[in-house]
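# I need the structure of the sequence given here:
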Amino acid sequence: MKINNLVGFLLLGTMALSSCKVNDEISASTPDWTEASHGNSVSPDYDVAFPQDKVNTLEITMTSADWQTIKSDMKTKSGSDFGASSSGIGMPGGANPGGGGGGNAGGGGLDLITGDPIYVATSVKFNGKEWYHTGFRLKGNSSLSGAWRSGNYKLPFKLNFDEFEDTYPEIKNQRFYGFKEFSMSPGYNDNSLMRDKVASDLFRAAGIPSAQTAFYKVYINFGDGLKYCGVYTMVEVIDDTMIKNQFGEDDGNIYKPESALKTFVQDDFEKKNNKTAADYSDVQSFITALNASTRTSNASQWRSDLEKVFNVDHYLKVLAVNNVIVNWDAYGAMAHNYYLYTHSTKKITWIPWDFNLSMTTSSTSGQGNNQQGVSLAMTEVTNAWPLIRYVADDATYYAKYKAYVKEFNDNIFTTANVNAMLDKNYTLIAPYVTGTEPEQKGYTYLSSASDFATAITALKTHVVTRNTAVKAFVK
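All right, here's what the predicted structure looks like:
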């Protein structure tokens, strides 16, 4: 017994020493790790990650081999080498591709990039701290294709802080002040660099949940030293923190559809959570109710059945904001850029997404088509877009929509309110766009410094124009 006890004691001691050694090795490889900054037990710190009164700085470092891996992957997925159309380096300006193709009412938009680009492990530094083996991948469709072909290093990308946790167990559940992922928008086709932020803020001001945003200066080392890649808008990822923060729950299904909602095709409804449960009955019921024949035979019954599964009143507010500001790269022109969340009591709820092509009357696509936003009256919208066409055809819903258009225009989308937002954002980012630390050719979409100021003036003029259009529409 004494011998056995001694052996057991020695074994436990050996295990303890081994555990200490492993822990010491992990600590040595992640010295900046604290629970508040890197752990997953803390609530998302919006004040740190999404400040509204300053511009944060990110430094991202990859190896030259990682950059070569990205280039090889992108050549396969886009059919083009980086910089294949190098004459566009620096400034594609307003003539870049928009949503790509114009009015695609099928299952999704025009795919210029086939599949998601590959992740590579990078070092991310912020405020003197490092985040380890952070997943970095390019993102986007027309924006990524245009930037890639022109050889512009101001590329749209995503960060996933625990993407490589299986390869590097020491970063298991790594977070950035409570956030797992960020989407980084470079202001492609937006010389103001602020449409993503302003539009998202306007939606939330109207009571519509939308991702939080903040401006960041971004430096990236592609294997040959840090380069200033300009001002980005960091965008909160919908299925990471936004749902829980703004809906108070996140147990329901979250979808990122590529659907015009005429018929249910499972592959058009990408599930962002609850992936092991192959239950799509919520969106199936929604599409069935939306396209039911009772719409023309018994409108009251159609509305009742639709409202049992879909938050129609909320959608009418989304539609009102979308049409007032003019957000053409959205449902009604392209079958993408929205999420659906099945709330426990509020039913399926629409979440708008991706606003870099908003607040402009039209945009020219890479295929030469002039893309127009949905008009306030929506008379031009066909049955290819049933959610818009059918609510617009219903007198009860149309009256509510019209009231929401007026309410948003009179109380939120005023020249005073929006000009204040634009001026504040201009003051924040101007030094890092055209001022003391300006964006540089090859790392910017501005062809000249004047493009930035001109774009802000154009946004202000756009608000005045839309205010006038709304007043004519609601009178």
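# domain map for the chain?
As assigned by automatic domain parsing, the chain contains the domains 44-82+90-244, 249-411.
# the longest one spans what distance, first to last residue?
In this case it means domain 44-82+90-244. 10 Å (CA to CA, to the nearest Å).
# so residue 256 lies in a strand, does it not?
Yes: per DSSP: H, G, I helix; E, B strand; the rest coil, residue 256 lies within a strand segment.
# could you dump the domains of the chain to JSON lines with mean neighbour count and distance to residue 425?
The C-beta positions use only the backbone N, C-alpha and C, and glycine is treated the same way. Below are the domains of the chain laid out as JSON lines (neighbours: other CB atoms under 10 Å; distance: least, CB to CB, whole Å):
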{"stretch": "domain 44-82+90-244", "mean neighbour count": "20", "distance to residue 425": "5"}
{"stretch": "domain 249-411", "mean neighbour count": "18", "distance to residue 425": "13"}
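# how close does the closest residue to residue 78 other than its chain neighbours sit to residue 74?
Nearest non-adjacent residue to residue 78, counting by CB to CB, 6 or more residues apart in numbering: residue 113, 5.4 Å away. Distance of residue 113 to residue 74, given as CB to CB, to the nearest Å: 8 Å.
# cool, and residue 325?
For residue 325, the distance to residue 74 - CB to CB - is 33 Å.
# just residue 45 next, same as before
Using CB to CB, residue 45 is found at 33 Å from residue 74.
# residue 134 too?
Taking CB to CB, one finds residue 134 at 19 Å from residue 74.
# tell me the bridge partners for residue 269.
residue 257 (DSSP bridges).
# pretty sure it contacts residue 257?
Yes: counting by CB atoms under 8 Å, residue 269 does reach residue 257; the two are 5.1 Å apart.
# what sits in contact with each of the two?
Taking CB atoms under 8 Å, 6 or more residues apart in numbering as the contact rule, residue 269 and residue 257 both touch 283, 340.
# what residues are up against the spatially most central residue of the chain?
By CA atoms, centre = their mean, the chain has its centre lying nearest to residue 354, at 5.0 Å. For residue 354, the contact set (CB under 8 Å, 6+ apart) comprises 196, 329-330, 337.
# do you know the pLDDT at it?
pLDDT recorded at residue 354 is 95.
# returning to what we had before: just put the domains of the chain in a markdown table and tack on distance to residue 427.
Putting the domains of the chain into a markdown table (distance: least, CB to CB, whole Å) gives the following:
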| stretch | distance to residue 427 |
| --- | --- |
| domain 44-82+90-244 | 10 |
| domain 249-411 | 19 |
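# out of the ones you listed, the one nearest residue 418 is which?
domain 44-82+90-244 (7.3 Å; CB to CB).
# quick one: which helix or strand includes the nearest residue to residue 112 once chain neighbours are set aside?
Leaving out its chain neighbours, the residue that sits closest to residue 112 by CB to CB, 6+ apart is residue 145, at 3.9 Å. Counting by DSSP states H and E, the element that carries residue 145 is helix 142-150.
# what about the helix or strand that that helix is followed by, average pLDDT?
For helix 142-150, the following helix or strand on the C-terminal side (DSSP H and E) is strand 157-160. For strand 157-160, the mean pLDDT works out to 98.
# just stretch 68-82 next, same as before
So the average pLDDT for stretch 68-82 ends up being 95.
# repeat that for stretch 197-212.
On average, stretch 197-212 scores 98.
# what's the span of it from first residue to last?
Termini of stretch 197-212 sit 8 Å apart (CA to CA).
# which residues sit against it?
46, 50, 213-215, 233, 235-238, 242, 245-247, 314, 317-318, 320-321, 325, 327, 349, 351-353, 355, 358-359, 408, 412-413, 418, 421-422, 425, 459.
# so what pLDDT did the residue nearest to residue 112 get?
92.
# surely it and residue 78 touch.
Yes: with contact defined as CB under 8 Å, residue 145 counts as touching residue 78 (5.8 Å).
# which neighbours do the two share?
By CB under 8 Å, 6+ apart, the residues touching both residue 145 and residue 78 are 112-113.
# how close does the closest residue to residue 305 other than its chain neighbours get to residue 65?
Nearest residue to residue 305 in three dimensions, chain neighbours excluded: residue 289, at 4.7 Å (CB to CB, 6+ apart). According to CB to CB, residue 289 stands 52 Å off from residue 65.
# swap in residue 175?
Using CB to CB, we find residue 175 at a distance of 27 Å from residue 65.
# output the helix holding residue 145 as PDB - backbone C-alpha positions only.
Extracted in PDB, the C-alpha atoms of helix 142-150 (Å, rounded to 0.1, in the frame of the first residue of the first chain):
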ATOM      1  CA  SER A 142     -18.300  42.800 -57.100                       C
ATOM      2  CA  SER A 143     -16.300  44.900 -54.600                       C
ATOM      3  CA  LEU A 144     -13.700  42.200 -54.100                       C
ATOM      4  CA  SER A 145     -13.600  41.400 -57.800                       C
ATOM      5  CA  GLY A 146     -13.100  45.000 -58.800                       C
ATOM      6  CA  ALA A 147     -10.400  45.700 -56.200                       C
ATOM      7  CA  TRP A 148      -8.600  42.400 -57.000                       C
ATOM      8  CA  ARG A 149      -8.500  42.900 -60.700                       C
ATOM      9  CA  SER A 150      -7.300  46.500 -60.300                       C
END
